[in-house]
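Novice: Quick one: sequence and predicted model below, then my questions.
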Amino acid sequence: MDWHDERVEIAEHIESLQRDGQLMAAAAERAGLTAAVPSCPGWRVPDLLRHQGYVHRWAGRFVAERLPDPVPKSSETEILAANPPDGQLLDWFREGHAGLVAALRAAPPDLSCWTFLPAPSGLAFWARRQAHETAIHRADAELATGGAVTSPSPAFAADGIDELIMGFFARDERRLTSEQQAGGRQRVVVQPTDSAGEWQIELTEDGTRAASVRRGIDGAADCTLAGPAAGLYLVLWNRGEPGGATEVSVGGDPSVLRTWRDGMRVTWD
């Protein structure tokens, strides 16, 4: 994967991380600790705070300590069972979030540390990854309030779409066997209407994974997603549905999208 950061600079990623972490804490406080998180079935607000608070601290170690290799991490089950009592969660979350932001701001531009997707530096990777990690879970917290989800800028949303497709889905592509990559080849195209860039995903035969990904389009699509980048960002991360508030339209065969979204998950474990 070549790095794609024409839209958002490192400093902007860190500013977005700071803002979205603060918005996430505020939304969690409004929702209350007994509220369900509809976009994360089975979770309540404390689960969301424990998950994201742990991830901020985990990511911050690579940046602050310049760790060159992965370190053992807790499972999701362990994360949700640990950490402070519910009454202390918001302060604990805010502390970890502030620590990550501070570590990123103090890091040198050429920071060398472990990353799990290609990037020009450890700082570029972790600033971008944690900005989008936090933006998506901020949306989860806002959905738990029953209110509207804050829309990111078109540039930030398009950058997040690119990270998802050219980072996470490209990683899946590299893990597939040649037989899986040569599957049914149904093609999904993603086209923002308010920012530059478009992406193409060719699916495995069962339609649940990416057999190949690319920027740009080289043929007809079986299913096309078009709309504002912010809406596409939420739909692709399964935090919103086509139509309605996302303003995303689906062209071609909608069953291709349904099958793919049912199978497509970026998980911690």
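Specialist: Received the coordinates, thanks.
Novice: so what's residue 190 up against?
Specialist: Residue 190 makes contacts with 161, 165, 198, 199, 200, 201, 224, 225, 226, 232, 236, as judged by Cβ atoms under 8 Å, 6 or more residues apart in numbering. Quick note: C-beta positions are derived from backbone N, CA and C, even for glycine.
Novice: Would you mind naming the residues that bridge with it?
Specialist: With beta bridges defined as DSSP bridges, residue 190 has these partners: residue 199, residue 225.
Novice: Could you pull out the buried residues of stretch 129-147?
Specialist: Residues of stretch 129-147 classed as buried under the neighbour-count rule (16 or more other Cβ atoms under 10 Å) are 129-145.
Novice: In helices only, show me those.
Specialist: Assignment to helices by DSSP state H places the following of these there: 129-145.
Novice: how about the helices of the stretch 51-200 of the chain, start to end?
Specialist: Listed in chain order, the helices found in the stretch 51-200 of the chain under DSSP state H, counting those that start in this stretch are 76-81, 89-106, 122-145, 154-163, 170-175, 178-181.
Novice: which one of those helices lies closest to residue 41?
Specialist: Shortest distance between residue 41 and those, using Cβ to Cβ, is found for helix 122-145: 11.2 Å.
Novice: picking that back up, which among the contacts of residue 190 end up buried?
Specialist: Judged by neighbour count, with buriedness set by 16+ other Cβ under 10 Å, the buried members of the contacts of residue 190 are 161, 165, 198, 199, 200, 201, 224, 225, 226, 232, 236.
Novice: What mean pLDDT does stretch 185-196 get?
Specialist: Taken as a whole, stretch 185-196 carries a mean pLDDT of 94.
Novice: Use 512 as the first number for this chain going forward.
Specialist: All set: I'll call the first residue 512, so the last point we hit is now stretch 696-707.
Novice: Have a look at this protein and report the helix or strand with the lowest mean pLDDT.
Specialist: Every helix and strand of the chain was ranked by mean pLDDT, DSSP states H and E. The lowest is helix 689-692, at a mean of 65.
Novice: what separates the closest residue to residue 735 other than its chain neighbours from residue 732, distance-wise?
Specialist: Leaving out its chain neighbours, the residue that sits closest to residue 735 by Cβ to Cβ, 6 or more residues apart in numbering is residue 762, at 3.9 Å. As judged by Cβ to Cβ, to the nearest Å, residue 762 and residue 732 stand 7 Å apart.
Novice: Who has more neighbours out of these two?
Specialist: In this view residue 762 and residue 732 are compared by other Cβ atoms under 10 Å, and residue 732 has more residues nearby, 19 against 14.
Novice: Is the more buried one in a helix, a strand, or coil?
Specialist: For residue 732, the assignment made with DSSP: H, G, I helix; E, B strand; the rest coil gives coil.
Novice: same check, this time on residue 725
Specialist: Classification of residue 725 using three-state DSSP returns strand.
Novice: quick one: pLDDT of the residue lying closest to it once chain neighbours are set aside?
Specialist: With sequence-adjacent residues excluded and distances taken as Cβ to Cβ, 6+ apart, residue 725 is closest to residue 711, at 5.1 Å. Reported pLDDT at residue 711 in the predicted model: 96.
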